[in-house]
Structure formats: C-alpha cells, structure tokens
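Q: Mind folding the following:
(4 chains)
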There are 2 protein chains.
Amino acid sequence: MTDNKPDTEKVILEAARKVFIKKGLDGARMQEIADEANINKALLHYYFRSKEKLFEIIFSKEISLLFSTISGAIVSDEVSFENKVRLIVNGYINLFLKNPFLPLFILREISRDPENIKSIFEKSGVDFAFIHQIAFVKLAELLNVDIDGARHFIINLLSLCIFPFAAKPLIEKVLFDGNEQEYIRFLEERRDQVADFMIGAARFKQNGGR
Amino acid sequence: MTDNKPDTEKVILEAARKVFIKKGLDGARMQEIADEANINKALLHYYFRSKEKLFEIIFSKEISLLFSTISGAIVSDEVSFENKVRLIVNGYINLFLKNPFLPLFILREISRDPENIKSIFEKSGVDFAFIHQIAFVKLAELLNVDIDGARHFIINLLSLCIFPFAAKPLIEKVLFDGNEQEYIRFLEERRDQVADFMIGAARFKQNGGR
DNA sequence: GTCTATACGGTGATAGAC
DNA sequence: GTCTATCACCGTATAGAC
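A: Down below sits the predicted model:
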C-alpha cells in the first residue's frame, strides 16, 4: 500500500526533472531519464511525444517556481521592507539548498534559447507586465531611488543569492578544498549574511551615502 | 598583403572559441565550427584530433584568462585595498562586456565535469595552492576579517560582477524590455556601482557595523 | 500501458584523392 | 594541407506484439 500506484506520468516527470536540471537539454539523454524512472524509452514518447515537449514542461514549472518566490515577497503588504528582503533571500537560498543545480539550469537554458523567454513565461503563468510594472515600481518606491537604482538593487540581491550556487563546484573546490559539507554550512550561514548586507546597503543609500 | 597568411590553426581556434563559448561542448557542432572558420570538418580533425581536444584548449585558455585578472590584482603591492577592488571589478566587467557569453560558459562547463577542475587548472597554468593560500590569506589580512569573512567578500564581489552577464538574456528581457543597448549602458555604469558597493561594505564591517 | 525491435537522421571521425 | 566521400555510432522516435 505504501509503494503502490506508481503513476507512471509522475515518475517520468520526476526522473526528467532530475536529469534535465543536472545535464540540461543538450546534455540529457532519453535513455538516462528512462533508467532513472525504471522504464524504457518508448514509454517516454508514449506519455510525452518528444524530448523537447518533456523538457518544456519541466522548464516552465521551474521558472514559475522561481518567480513566485520573488514576486510574492515584493508585493505582500503588511511586511516591512527589511522583512521582504529576508523573505526573498531565505526563499531563494532554501530553495537552492534543496536544488543546487537549479540556478545554472535556468541560466543555461534561457541562454540556449533566449527568443523563447516570453513564450515560456506565458506558459508558466508568470505575468510579465506585472513583474515589470507593478512589483518593480513598488520596489523603487520602497527604496526611494530611481529606476536604475531599483535595477541595481534587485540585480545585486539576485546575484548574491544565485551565483554561489551557479558556481558551486568551482567555489567548493577553490575556497573549501572540495569539502561539500563545509560549503553547505557556509551557505546556510549566508542567508543572514546576504540579507544584512542588502539591508545595510539600502540604509546606507537612503542616508545619502558615506 | 593584409588578408594574407590565414594561418589555419589560429583561424580554427578563433572559430572554435566563438562557437564553444556560445553553445558549450554539448551544444556545439564541429560543422558549425568549420563553417565559422570557412573550412571543412576534416581539417578540424587534422589539426586537433578530436572535438574534446579542441574544446580543452579553448576552455583552459579562458580559465587562465579569468584567474589572471583576479589574482594579479589581489597580489599587486603598492596598490591600496580600494584600488585593488576597482582593478578587479573593472577587469572583469570590461572583459565580460567584450565576451558576454564567457561567464556562463565557464560555469556551465565546470558544472558539466566538476572532477576535471584540478587537471584543467593545471593545464591552464593557474597555481591552485597560490590562490588558496597566498592570495586568499592576504585578502583576509587586508579586510581584517576571519577566513569566512574573506570568503563572503570574494564571493560577493564575484557574484556582483559575474551574475549580471550570466543572466544577461533574462535581465535584459525582464528589466530592460529587451533593449540590449540600454542594458550595456547600465553595465558600464555598474563598474563604479559595484566597486563603491563593495568598498562601502568593507568599511562598514571594519567600523563594526551599524 | 508497457514492452522489444527497428527505422531514421545526425554527428564525430577517417580514408583517400589531389 | 585541404578537399570530398563515407563510415560507424549514437540518440530520438516509431512500429507492432502483448
């Protein structure tokens, strides 16, 4: 009763997610996904016509996951600016601690086919206009800076959360002598580090610098 | 006389660099490299036995380029801490403005084969022990922080320089409405932005925060 | 729905003429 | 050194039995 009803479709989707996120569209093999799901290649095509179709389902889901984290936090009223920042940072770092390959996956695949961003976003239910106009303008107001200032802020915030995971193998090797546990410990500690850093920078700016 | 002596080997290397950096090892096609170099596939194999051999040459060269930028700046005496930071930030952002696909290329390929980092580094002439011990300890001294503090600092610095290029297509679309010129203008302005940001943060820390 | 067997196209690599 | 032609393999996708 515990291992019953395997629900092939879900098993395939989980296997595909795992393989695609780690290897990307180009690097992934249908055979590997089939093995991961303990089925054969033919079944993959039975459920999801083609490799690309399967990929798009995974990709748009993950995109949607990423954007809900940030837009939800920015818009939520009744939350102080400081706590918004902590919400976003914690949300992302927690998410990436669970899915270390996710950041690079998104960056890699968007770069592979940049033209498709808009259509992928629509498929994921991410509201483009909303992000660009509502959430973003709101951020600028909160920070009391111009549009470029808000851009710098959000890019800085994302950089500090995402890059340490996108470069995980490199940083782990160079700065942590290959010790993964040490790096994970460091990344957990980093949640507060980054939030403090960004909040401090915002205050610094609002006080006119220096 | 101006277009003479094409020097096939160099032409191939330039073409391979262009294609590999944009598409990665998995995404690149030997045919595409041949087309880019205006020769045929057979000649690629004549000069460089295999796709992987050709790739490794390109990859290790780019790795070496990246590390020389940072380690050179950190070690150079007679340069104030503040100017070291500006050297690094300017070095990287200038490099990436010229090679926008370079950051993602490095991240992607290291993630594809993390075990190879050490051997690639040796091939590139990057001195591993040097980075880890000399340059890094020196940084901690300069900042007057512990080892984790130095790690955060260097990771923050790299994040702010590298991520905006690794995520270029996404940021360009979402925050700049697809206008590449606007984003490039923003990135040029960002050289001082990032340097000021990091220097400010270091001072803030040294003054005990708050 | 799930399997095995196979078709089909593309890609890295080689053979051999010039 | 450079080319054309071709091989050998691998990966996606389909056919067809059960």
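Q: Now the element after the strand or helix carrying A:A34, going C-ward?
A: Using DSSP states H and E, A:A34 maps to helix A:30-37. Next helix or strand after helix A:30-37 toward the C-terminus (DSSP H and E): helix A:41-47.
Q: what's in contact with the helix or strand that that following helix is followed by?
A: Later in the chain than helix A:41-47, the nearest helix or strand by DSSP H and E is helix A:51-75. For helix A:51-75, contacts defined as CB atoms under 8 Å, 6 or more residues apart in numbering or on different chains pick out A:12-13, A:16-17, A:20-21, A:25, A:28, A:30, A:33, A:44, A:48, A:79, A:84, A:87-88, A:91-92, A:95, A:102, A:105-106, A:109, A:120-121, A:123-126, A:130-131, A:134-135, A:138-139. For glycine as for every other residue, the C-beta is placed from the backbone atoms N, C-alpha and C.
Q: returning to what we had before: the helix holding A:A34 relative to helix A:51-75, how many degrees between them?
A: Inter-element angle recorded for helix A:30-37 and helix A:51-75: 60 degrees (by axes from the mean of the first three to the mean of the last three CA atoms, to 10 degrees).
Q: how about helix A:30-37, does it reach DNA strand C?
A: No: using CB under 7 Å from any atom of the strand, helix A:30-37 stays clear of DNA strand C, coming no nearer than 8.0 Å.
Q: On the three-state scheme, A:G200 is what?
A: helix (DSSP: H, G, I helix; E, B strand; the rest coil).
Q: Spell out which residues sit in contact with A:I39, please.
A: Residues near A:I39 by CB under 8 Å, 6+ apart: A:8, A:11-12.
Q: Lowest-scoring secondary structure element of chain A by mean pLDDT?
A: helix A:128-129 (a mean of 77; mean pLDDT, DSSP states H and E).
Q: so where does A:V137 fall, helix or strand?
A: helix A:136-143.
Q: Which neighbouring elements make contact with the helix or strand just after that helix?
A: Of the helices and strands lying after helix A:136-143 in sequence (DSSP H and E), the nearest is helix A:147-166. Packing contacts for helix A:147-166, counted by 3 or more CB pairs under 8 Å, 6 or more residues apart in numbering or on different chains; DSSP states H and E, involve helix A:81-98, helix A:102-112, helix A:136-143, helix A:180-206, helix B:147-166, helix B:168-176, helix B:180-206.
Q: among those, which is nearest DNA strand D?
A: Closest approach to DNA strand D among these is made by helix A:102-112 (14.6 Å; CB to the nearest atom of the strand).
Q: angle of that closest one against helix A:168-176?
A: Using the same axes, to 10 degrees: helix A:102-112 against helix A:168-176 is 130 degrees.
Q: tell me the angle helix A:102-112 makes with helix A:81-98.
A: 90 degrees.
Q: and for helix A:102-112, what are the contacting residues?
A: With CB under 8 Å, 6+ apart as the criterion, helix A:102-112 contacts A:20-22, A:24-26, A:59, A:62-63, A:66, A:95-96, A:117, A:162-163, A:165-166, B:23-24, B:27, B:101, B:104, B:107-108, B:111, B:166-170.
Q: Residues of chain A that sit close to DNA strand C?
A: Contacts of chain A with DNA strand C, taken as CB under 7 Å from any atom of the strand, map to A:6, A:8, A:39-43, A:46.
Q: any low-confidence regions in chain A?
A: Within chain A, the stretches with pLDDT under 70 are A:1-5, A:208-210.
Q: care to break it down by domain?
A: Following automatic domain parsing, one gets these domains for chain A: A:1-49, A:59-206.
Q: Relative to B:F197, which of those is closest?
A: domain A:59-206 (6.4 Å; CB to CB).
Q: So that closest one, near DNA strand D or not?
A: No: residues of domain A:59-206 contacting DNA strand D under CB under 7 Å from any atom of the strand: none, with a closest distance of 14.6 Å.
Q: From the chain's centroid, how far away is that domain?
A: 7 Å (CA atoms, centre = their mean, to the nearest Å).
Q: that older thread, does any bit of the helix holding A:A34 sit next to DNA strand D?
A: Yes: against DNA strand D, helix A:30-37 shows contacts by CB under 7 Å from any atom of the strand at A:30-31.
Q: Residues in contact with that helix: which ones?
A: A:8, A:11-12, A:14-16, A:18-20, A:23, A:40-41, A:43-44, A:51, A:54.
Q: buried subset of those?
A: With burial judged by 16 or more other CB atoms under 10 Å in any protein chain shown, the buried subset of the contacts of helix A:30-37 is A:11-12, A:15-16, A:18-20, A:23, A:44, A:51, A:54.
Q: Tell me which residue lies nearest the centroid of chain A.
A: With distances taken as CA atoms, centre = their mean, A:L66 lies nearest the centre of chain A, 4.3 Å away.
Q: on that earlier part again, can I get the contacts of A:I39 in CSV including distance to B:D196?
A: Formatted as CSV, the contacts of A:I39 follow (distance: CB to CB, whole Å):
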residue, distance to B:D196
A:T8, 55
A:V11, 51
A:I12, 50
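Q: Make CSV out of those residues and add secondary structure and distance to B:Y183.
A: Shown next, in CSV, are the contacts of A:I39 (DSSP: H, G, I helix; E, B strand; the rest coil; distance: CB to CB, whole Å):
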residue, secondary structure, distance to B:Y183
A:T8, helix, 44
A:V11, helix, 41
A:I12, helix, 38
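Q: Among those, which one lies nearest to B:E180?
A: The nearest member of the contacts of A:I39 to B:E180, counting by CB to CB, is A:I12 at 38.2 Å.
Q: how far away is the nearest residue to that closest one once chain neighbours are set aside from A:L54?
A: Spatial nearest neighbour of A:I12, chain neighbours left out: A:A37 (5.1 Å); criterion: CB to CB, 6 or more residues apart in numbering or on different chains. Relative to A:L54, A:A37 is positioned 11 Å away (criterion: CB to CB, to the nearest Å).
Q: what do you get for A:R86?
A: Distance, A:R86 to A:L54, using CB to CB: 36 Å.
Q: go on, A:R190?
A: Counting by CB to CB - A:R190 and A:L54 are separated by 34 Å.
Q: again, but for A:N207
A: Where A:L54 is concerned, A:N207 sits at a distance of 52 Å (CB to CB).
Q: Then A:K118?
A: 21 Å.
Q: before we move on, what about A:V194?
A: Distance from A:V194 to A:L54, by CB to CB: 35 Å.
Q: go on, A:K123?
A: 14 Å.
Q: which one is A:V11 nearest to, not counting chain neighbours?
A: A:A37 (4.9 Å).
Q: Then A:A201?
A: Using CB to CB, 6+ apart and skipping residues adjacent in sequence, the residue nearest A:A201 is B:F197, 6.4 Å away.
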